[in-house]
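Q: just need the structure, nothing else, for what follows:
(2 chains)
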Amino acid sequence: MLNSPLWGNPVSPAQMHIPDGFLSLAVSLVFWVIAAVLVGMALRRSGRELGERQVPIMGVLAACIFAGQMLNFSVAGGTSGHLLGAALAAILLGPWAATIVLTAVVSLQALLFQDGGLLVMGANIFNMAVVGVWVAYAVYQTVRRLAGQQAWGIFLGGAVAAWLSIVIASLSCALQLALSGTSPANVVFPAMGGIHMLIGLGEALITLGTLAFLYAARRDLLTAGAAQTTSNRAVWLGGLALALLLAILSPLASTHPDGLEWVAEQQGFLGKAQGPFFELIPDYIFPGIPNEALATIAAGIVGALLILGVTLVVQRRRVS
Amino acid sequence: MHIHFVDPYQTGQSPVHRLNPRAKLVLALGFILVTAAMPLGAWPVYVLLFSLTIATAVLAELRLGFLLRRSALALPFVLAAVTVIFTTPGTAWLKLPLGSWAISVTGAGVVRFLSIAIKSWLSVQAAILLAATTPFPDLLVAMRAVKIPRLLVAIFGLMWRYLFVLADEALRLLRAREARSAKLPTSPLTPPPQGRGMPLPWQGRGWGLGSLLWRGQVAGGMVGNLFLRSLERGERIYAAMAARGYDGEVRTLDTLQT
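A: As a prediction, the model looks like this:
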């Protein structure tokens, strides 16, 4: 969740790896099924694109993303910014290969280093390897198309994709926590979203630096790579849909927590919780949070409108 | 400096080490599943589950300190659940005055919070026991045995083989950077150099603006470097595999009886 050397595992910094015990059984199992279906699709698709080179290349690149998460830079007072790598993988490898690479990273972190749980691994794979990758790919491709052949498309697209992939993935994580009754929606959405809006800046900075380096050293990887030539309309639309859904859902859920609570109760997630869930904590009880919630809502709406506007512009350009 | 020390596997010849890896994988997952399915506040069950993990650790001849220290890893995440103490309805145990407001700590909230924390802690212990007594290649065979797609398991295997190589590479990059540029004071307690005040985030090297951007760019360059080296290494590995008859099908010697 938070990244500070005090808490973080020095080898694989815990970013939003949910440990076992924090999600209800039902939520864990549902996300296992979703993750299994999507990773299965990714395995089929990337096999078609990479062929027999798939295993060695993806294995090494997964190890690379894992090692890349160790490369941090100090920000201030002992905190540091570092990489999750979902956006970078999506930009450099294309969405399907990136989904597999991130799945491998998340799985090994859980199996070897207990960074993230085993039962909740489906949810972690969904957040990082699906939401993180797809949102980044959709945003990056949208900005690239807007920029045409201009180089600024690569850098702006990369930075925005990196930031948004972290924020949206954290909202997905918050949604799972809220559905499980682990944390009330009106607290967990602004808290997770707010923290990751800051953490995402570090991700954006490193991604920008990486793209600048690769633009100077191996421009072909950014302009003519497999990731750039293959068209993945399904992922593009899927990523935009996920981003919009989570960006709109989270402020809704944090202003009307009853909705999520209702869902949770219908599923029997909340167990013996009786009566209104929030009767002891009226909205105004934490002085800071209303502002944070407003900030989340505003950012969510602005982000959603931005993406919507950009998509419309791109569509219009293609028609004319 | 090598990073092999992070491999959680502890060599041993105990009965737990010799158990079939598929059985261990299924047992660990089963343990976590049972823990997750337990109701809130089932303290006797939690004690029973805890005695199971401790008994397994003793049987596996693991140091208990290793298990307990490593299982503290997931603890920071409990912050995500702290608020349930105040928001779960129930009889108020304690009212904390906060200016003109008051937060009440409820019995049901404390039970919910403790249950989440304990269940999480127990599950982490099961995962540690699995990783500490099973070499990763055996775990890969076990994954094949529980029908995880062959391709995915092959990618896991290759990732594991190069994990430590590339982590070493990353450490070398970090060391090279440290040798060439000064570190920021890591905490407000460290006295800043030359009697200056604590640098602000954007004042890393000197007092010019944009230093945070500069530091991010340096870290990004290192990631790019690592990516290029990995990509080229991957290509070389593929060429070496192709030279030895690799045709896209990963064949393993599943020596373990599954």
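Q: show me where the chain has strands.
A: Here I'm looking at chain A. A:73-76, A:79-81 (DSSP state E).
Q: correction: the question concerned chain B.
A: Under the criterion DSSP E, strands of chain B are mapped to B:92-98, B:101-106.
Q: most packed of those strands?
A: Of the strands of chain B, the one with the most neighbours on average (mean count of other C-beta atoms under 10 Å in any protein chain shown) is strand B:101-106, at a mean of 17. Just so you know, the C-beta spots here come from the backbone N, C-alpha and C atoms, and that holds for glycine as well.
Q: now stretch A:17-24: how far from the chain's centre is it?
A: From the chain centre to the centre of stretch A:17-24 is a distance of 17 Å (C-alpha atoms, centre = their mean, to the nearest Å).
Q: which stretch among the strands of chain B comes nearest residue A:112?
A: Set against residue A:112 and scored by C-beta to C-beta, the strands of chain B come closest in strand B:101-106, at 37.9 Å.
Q: average pLDDT across the closest one?
A: Strand B:101-106 carries an average pLDDT of 74.
Q: show me the contacts for residue 137.
A: Looking at chain A here, since you left the chain open. Residue A:137 sits next to A:90, A:91, A:94, A:95, A:98, A:161, A:232, A:235, A:236, A:239 when contact means C-beta atoms under 8 Å, 6 or more residues apart in numbering or on different chains.
Q: chain B is the one I meant
A: The contact partners of residue B:137, by C-beta under 8 Å, 6+ apart, come to B:157, B:160.
Q: pLDDT weak spots in the stretch 51-200 of chain B?
A: By pLDDT under 70, the low-scoring segments of the stretch 51-200 of chain B are B:98-102, B:182-200.
Q: in it, what residue is nearest chain A?
A: Going by C-beta to the nearest C-beta, chain A is nearest to residue B:158 of the stretch 51-200 of chain B, at 2.5 Å.
Q: nearest to residue A:246, of the strands of chain B?
A: Residue A:246 lies closest to strand B:101-106 among the strands of chain B, at 29.2 Å (C-beta to C-beta).
Q: confidence score at the residue in the stretch 151-300 of chain A positioned nearest to chain B?
A: Distance from chain B to each residue of the stretch 151-300 of chain A (C-beta to the nearest C-beta) is smallest for residue A:209, at 1.6 Å. At residue A:209, the model reports a pLDDT of 93.
Q: for the one 4 residues further on, same thing?
A: pLDDT, residue A:213: 95.
Q: just to revisit the earlier point, list the residues that contact the nearest residue to the residue of the stretch 51-200 of chain B closest to chain A once chain neighbours are set aside.
A: In space, residue B:158 comes closest to residue A:59 once its chain neighbours are excluded; the distance is 2.5 Å by C-beta to C-beta, 6 or more residues apart in numbering or on different chains. By C-beta under 8 Å, 6+ apart, residue A:59 lies in contact with A:104, B:154, B:155, B:156, B:157, B:158, B:159, B:161, B:162, B:234.
Q: list only buried entries from these.
A: Those of those that meet the buried threshold are A:104, B:154, B:155, B:156, B:157, B:158, B:159, B:162, B:234, by 16 or more other C-beta atoms under 10 Å in any protein chain shown.
Q: can you tell me which of these are in helices?
A: Mapping those onto helices (DSSP state H) picks out A:104, B:154, B:155, B:156, B:157, B:158, B:159, B:162, B:234.
Q: what's the most distant pair in those?
A: With distances taken as C-beta to C-beta, the most widely separated pair in these is B:156 and B:234, at 15.2 Å.
Q: give me the neighbour count for the residue in the stretch 151-258 of chain B that chain A sits nearest to.
A: Residue nearest to chain A within the stretch 151-258 of chain B (C-beta to the nearest C-beta): residue B:220, separated by 1.6 Å. Residue B:220 has 26 neighbouring residues, counting by other C-beta atoms under 10 Å in any protein chain shown.
Q: for the nearest residue to it once chain neighbours are set aside, list the residues it contacts.
A: Among residues not flanking residue B:220 along the chain, residue A:209 sits closest, at 1.6 Å (C-beta to C-beta, 6+ apart). By C-beta under 8 Å, 6+ apart, residue A:209 lies in contact with B:216, B:217, B:218, B:219, B:220, B:221, B:223, B:224.
Q: most surrounded residue in the residues you listed?
A: Most neighbours among the contacts of residue A:209, by other C-beta under 10 Å: residue B:223, with 29 neighbours.
Q: wait, isn't it in contact with residue A:68?
A: Yes: if you go by C-beta atoms under 8 Å, residue B:223 and residue A:68 touch, sitting 4.8 Å apart.
Q: okay, and the common contacts of the two?
A: Residues touching both residue B:223 and residue A:68 (C-beta under 8 Å, 6+ apart): A:83, A:88.
Q: can you put the contacts of residue A:137 in JSON lines and add pLDDT, distance to chain B and neighbour count?
A: JSON lines is the format used below for the contacts of residue A:137 (pLDDT from 0 to 100; distance: C-beta to the nearest C-beta, whole Å; neighbours: other C-beta atoms under 10 Å in any protein chain shown):
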{"residue": "A:90", "pLDDT": "93", "distance to chain B": "13", "neighbour count": "34"}
{"residue": "A:91", "pLDDT": "92", "distance to chain B": "11", "neighbour count": "31"}
{"residue": "A:94", "pLDDT": "88", "distance to chain B": "14", "neighbour count": "24"}
{"residue": "A:95", "pLDDT": "90", "distance to chain B": "16", "neighbour count": "28"}
{"residue": "A:98", "pLDDT": "94", "distance to chain B": "13", "neighbour count": "31"}
{"residue": "A:161", "pLDDT": "95", "distance to chain B": "14", "neighbour count": "31"}
{"residue": "A:232", "pLDDT": "76", "distance to chain B": "19", "neighbour count": "19"}
{"residue": "A:235", "pLDDT": "82", "distance to chain B": "19", "neighbour count": "26"}
{"residue": "A:236", "pLDDT": "84", "distance to chain B": "23", "neighbour count": "20"}
{"residue": "A:239", "pLDDT": "87", "distance to chain B": "22", "neighbour count": "31"}
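Q: could you redo those as TSV and give each row distance to residue B:62?
A: Formatted as TSV, those follow (distance: C-beta to C-beta, whole Å):
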residue	distance to residue B:62
A:90	39
A:91	42
A:94	42
A:95	41
A:98	37
A:161	43
A:232	46
A:235	44
A:236	48
A:239	44
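Q: all helices of chain A, in order?
A: Under the criterion DSSP H, helices of chain A are mapped to A:25-50, A:54-68, A:86-93, A:95-113, A:121-125, A:133-147, A:152-179, A:185-217, A:219-223, A:226-229, A:233-255, A:257-266, A:289-319.
Q: please identify the most buried of the ones you listed.
A: The highest mean neighbour count among these, using mean count of other C-beta under 10 Å, belongs to helix A:86-93: a mean of 31.
Q: what lies in contact with that helix?
A: Contact partners of helix A:86-93, identified using C-beta under 8 Å, 6+ apart, comprise A:61, A:65, A:68, A:97-98, A:101-102, A:128-129, A:132-134, A:136-137, A:140, A:157-158, A:161-162, A:165-166, A:169, A:203, A:207, A:210-211, A:214, A:221-222, A:225-227, B:223, B:227.
Q: tell me which parts of the stretch 101-250 of chain A are close to chain B?
A: A:103-105, A:107-108, A:110-115, A:117-119, A:177, A:181-184, A:187-188, A:192, A:202, A:205-214, A:217-218, A:221 (C-beta under 8 Å from any C-beta of the partner chain).
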